[in-house]
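Q: Predicted structure and sequence below. I'll ask about it afterward.
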Amino acid sequence: MRLLFVCSGNICRSAMAAAYARDRLARSGLCGVVVESAGTLGLEEERASPAAVQVLREGGLDLSGHRSRGLESVRPCAAEIVIGMERSHLEAVERLCGTSAQERHLLRAFEGGADPRGGAPDLEDPIGGPIEGYRECFEAIRACVDHLVARLERGS
């Protein structure tokens, strides 16, 4: 299974979500899930935001080797599940892939549990803001990814 996280530049939110999801999946023992991330702005080979690297380091994860990828370079239509940080990110995937059978959700659809809910808000981009904004963003990512992984563990 391919799981794709999408944000704007792939230097902050989707990169943090993918790094945490890889770690969380490994800790759960769930195998066979390939986790990728990409950005709708098409940035290629950019380093992760220094604040994102720092916040993940505080959480025991290493994002220092991350390099951004544009959405089109990761074959988004081949992902079974696409998780966008904002509605515009899911709309970009739809423009590329049409109404394929893949699941598409906003990350915050998983805030309340393993079953995604409609009407979820966007996850605001902390880029350029204070470090506390990155920490808050990562806390939201962790909670949502934990619920997403629980859903994958139960097989639905």
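A: Structure's in. What do you need?
Q: which residues of this structure score low on pLDDT?
A: Low-confidence segments of the chain (pLDDT under 70): 156.
Q: Identify the single longest helix in it, thanks.
A: When the chain is parsed with DSSP state H, its longest helix is helix 131-154.
Q: Wait, a strand at Glu36?
A: Yes: assessed by DSSP: H, G, I helix; E, B strand; the rest coil, Glu36 belongs to a strand.
Q: one step back: just how off-centre is the longest helix of the chain within its chain?
A: Relative to its chain's centre, helix 131-154 lies at 9 Å (C-alpha atoms, centre = their mean, to the nearest Å).
Q: what helices or strands is it leaning on?
A: Packing partners of helix 131-154 (3 or more C-beta pairs under 8 Å, 6 or more residues apart in numbering; DSSP states H and E): helix 13-28, helix 50-58. Yep, even glycine has a C-beta here, placed from its N, CA and C like the rest.
Q: List the buried residues for that helix?
A: 133-138, 140-142, 144-149, 152 (16 or more other C-beta atoms under 10 Å).
Q: Kindly indicate whether Leu3 is helix, strand or coil.
A: Strictly by three-state DSSP, Leu3 counts as strand.
Q: buried ones in stretch 93-104?
A: Result for stretch 93-104 [16+ other C-beta under 10 Å]: buried residues Val93, Cys97, Ser100, Gln102, Arg104.
Q: now the residues you listed in JSON lines, with secondary structure and distance to Ala79?
A: Formatted as JSON lines, these follow (DSSP: H, G, I helix; E, B strand; the rest coil; distance: C-beta to C-beta, whole Å):
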{"residue": "Val93", "secondary structure": "helix", "distance to Ala79": "8"}
{"residue": "Cys97", "secondary structure": "helix", "distance to Ala79": "9"}
{"residue": "Ser100", "secondary structure": "coil", "distance to Ala79": "10"}
{"residue": "Gln102", "secondary structure": "coil", "distance to Ala79": "6"}
{"residue": "Arg104", "secondary structure": "strand", "distance to Ala79": "9"}
